[in-house]
Structures are given as C-alpha cells and as structure tokens.
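Asker: quick one: sequence plus predicted model below, questions after.
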Amino acid sequence: MNKVDHPVKTRELHSHHFDSTIWNDFVFRDDDIVISTYAKSGTTWIQQIVSQLLFSAEEGLEVAAMSPWMDLRVPPKEVKLPAIEAQTHRRFIKSHLPVDALVFSERAKYIYIGRDGRDVVWSLYNHHLNANTAWYDALNKTQGRVGPEIEPPCSSISQYFDDWLDQDGFPFWSLWDNARTWWAIRDLPNVHMVHFANLKSDMPGEIRRIAEFIGTSIEESKWDKILKHCSFDYMKANATKSVPLGGAFWEGGAETFIHKGTNGRWRDVLSAEQTMNYEQRAESELGPDCAHWFATGELK
C-alpha cells in the first residue's frame, strides 16, 4: 500500500452555500467525527447512524442540531463556532467540502459517503425544486455571500442533469473535485469510505463497520432498535429531528428533504448518449477505479 500524506488546506471555497474559512478557527477534539460527502449522497443517513451508535438507540435525538453542517454559510461562523464548542457530547459534524478546502486533523475520524452522480442529481433536483422562499432568502441574502445567487431550477430534470454535468456541478459545486480529493486519502487510518448502495444492500454490516471505525461498542440488547431507528421508513416518519430547522426550508416540510432514497431513477429518463457522456466524464475526471466505486460501491 502506498503511503498517503495527510492533506493540507490549500484554498478557500465560497459560494451561496460555502464559507470554508470556518475550519481555520475550529478547535478539534481528539474524538471528533467528521461526516463528509458531495451532497445528497446519504449524509443525513450516516448522521442518524452515528447518533444511534453514540447514544445507544436513544429516541428523539435532535440530530440536525447535534450535527451541524460546518461549512454552510448560514448561520455565520461567529454564531456556529461557539455553539459547536459548547457541545459536551462526542461531536459529529458534517462537511460537503473537498479535502483540500478544509483543515484535516490526524486526531479526528472521517467518514466519507459516495454515491453514483446520476442518483445524486435526481435527489438534488428534488431538494432544489421543493426549496421555498425562506431557503432562497437564507442563501442569497445572507451577509457576505460570494458569487451569484442560486435561482429556481429548470422544469426538466433531463436538462438539469445536462447543466450539472456540463457546468461542473451547477448550480451547486463540483462532484469531481470533491470525489477525487477524498478518494486520494482513502487509505489513511482515520478515513472510512462508505457507499450509498452498500448501505442499501447491507445496512447492518455497514453500521457494524462504522461502529468499529469510530471505536464505539454496540449494546447488543439495543441492536434491533438501532436498526429500526436507522431505517428509511423510521427516518422519514421522524424527519423533523434529522433535517435542518425541522424542514422549514422545503415545501412539504422535512419529509420532502428525506425523499425516496432510491437509486437508478435516472435509467428511465436519461438517453443512451447522456449516460455515455456521464460515464466517460466520470472516468476522465476520477480514473477508472474511483469512477467504478462511485458508480457501484465495488472496489476493483
């Protein structure tokens, strides 16, 4: 196995969503957990899993409040950092940044979740399509926003996909940038890679692997409750606990945020040419092994 150097922050990312400078002032603890992904790849699911492992299947956990999105511009870092510092439980925070735009700690544990980019776009479109005025106001009118405003999506998901692919993640951010930086450090001992498809096919096995990685023992008497609380049906029924502001930013509330969790919906919509364009682009941007893992969850 080739030696992998610990990454160093080399840039800042700013947008209607991002303020990466918050990581510059964040004080790590030895047991911190960072949950990272591109977006709409199972972040909320992993947050729920980690909360259930840390709090032994406890009901009613306010996961969204307990596990804030660190690099989201809203609320500003002057508000967010003191709130995170005041937490007394083992902290588990989320990020959507590429590795080289955050501060990487050798003491923290990093869980990265991958998902086929075509499935990501289908979830992203639902997320964007159902955003309400409060969501746009929070992102576009926040003090210090950098870059253009985010606008409502086009009416065609096929066109949305083409725009996302042709414009490198428009109107959000680059999947390729995110994916290849995390893939490059996958062999570090404090990095654990999870794939959405594997969570779907073997959630119990993936949860046990996550527990081992973060060094948390499982109370076997509570195992069935952990599985129940991490199921899609349970999370959707209790979505207000897992979604920012209880889902106030989306039409239909928190259940809209936790949508279907279904892969492959793009197969009935994308043309053969669109599918080929995506697959060629993925391999060009990521290399064959990384592209294969993101598409399938399988390691060559």
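Answerer: Received it, and whenever you're ready, just let me know what you need. Note that this is a predicted model, so its numbers are computed, not measured.
Asker: three-state assignment of residue 212?
Answerer: helix (DSSP: H, G, I helix; E, B strand; the rest coil).
Asker: report pLDDT for it.
Answerer: Per-residue pLDDT puts residue 212 at 98.
Asker: what's the burial count for it?
Answerer: Neighbour count for residue 212, taken as other CB atoms under 10 Å: 12. (Glycine included, C-beta is placed from N, CA and C.)
Asker: how about low-confidence regions in the stretch 1-150 of the chain?
Answerer: 1-3 (pLDDT under 70).
Asker: show me where it has strands.
Answerer: 33-37, 92-95, 109-114 (DSSP state E, counting those that start in this stretch).
Asker: could you give the separation of the shortest one from the chain centroid?
Answerer: It stands for strand 92-95. On the basis of CA atoms, centre = their mean, to the nearest Å, strand 92-95 is displaced by 9 Å from the centre of the chain it belongs to.
Asker: now stretch 270-283
Answerer: The answer for stretch 270-283 is 23 Å, by CA atoms, centre = their mean.
Asker: what comes up buried for it?
Answerer: Along stretch 270-283, these residues count as buried under the neighbour rule (16 or more other CB atoms under 10 Å): 270, 274, 277-278, 281-282.
Asker: ditto for stretch 58-74
Answerer: Across stretch 58-74, burial judged by 16+ other CB under 10 Å covers 61, 63-64, 66-74.
Asker: can I get the strands of the stretch 1-150 of the chain in a markdown table including mean neighbour count?
Answerer: Shown next, in a markdown table, are those (neighbours: other CB atoms under 10 Å):
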| stretch | mean neighbour count |
| --- | --- |
| strand 33-37 | 25 |
| strand 92-95 | 23 |
| strand 109-114 | 24 |
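Asker: any chance of those strands in CSV, plus distance to residue 237?
Answerer: CSV is the format used below for the strands of the stretch 1-150 of the chain (distance: least, CB to CB, whole Å):
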stretch, distance to residue 237
strand 33-37, 22
strand 92-95, 22
strand 109-114, 22
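Asker: right, and the ones you listed - which one's nearest residue 127?
Answerer: Closest of these to residue 127 is strand 33-37, at 13.4 Å (criterion: CB to CB).
Asker: parallel or antiparallel, list what pairs with that closest one.
Answerer: Applying DSSP bridges, strand 33-37 is found paired with strand 92-95 (parallel), strand 109-114 (parallel).
Asker: return the distance of it from the chain's centre.
Answerer: For strand 33-37, the distance to the chain centre is 7 Å (CA atoms, centre = their mean).
Asker: also stretch 52-68?
Answerer: 17 Å.
Asker: how far does that stretch stretch from start to finish?
Answerer: Using CA to CA, to the nearest Å, the end-to-end distance of stretch 52-68 comes to 16 Å.
Asker: what lies in contact with that stretch?
Answerer: The set of residues external to stretch 52-68 that reach it, using CB atoms under 8 Å, 6 or more residues apart in numbering, is 35, 44, 47-48, 50-51, 80, 83-84, 87, 89-90, 92-94, 207, 210-211, 214, 216, 218-219, 222, 225-226, 229-230, 241-246.
Asker: same check on stretch 78-85?
Answerer: Against stretch 78-85 from outside (CB under 8 Å, 6+ apart): 22, 25-27, 68, 70, 91, 93.
Asker: just name the closest of the residues you listed to residue 118, please.
Answerer: When those are compared against residue 118 (criterion: CB to CB), the nearest one is residue 70, at 27.1 Å.
Asker: residue contacts, that closest one?
Answerer: 22-23, 26, 34, 80, 84, 93-95, 102.
Asker: residue 164 contacts residue 170, doesn't it?
Answerer: Yes. Taking CB atoms under 8 Å as the definition, residue 164 is a contact partner of residue 170 at 5.9 Å.
Asker: those two - which one has more neighbours?
Answerer: The neighbour count for residue 164 versus residue 170, taken as other CB under 10 Å, is higher for residue 164 (23 against 13).
Asker: look up the closest residue to the more buried one, ignoring the ones flanking it.
Answerer: residue 121 (5.4 Å; CB to CB, 6 or more residues apart in numbering).
Asker: and for that neighbour, the neighbour number?
Answerer: Neighbours of residue 121 (other CB under 10 Å): 26.
Asker: nice, that's everything, thank you.
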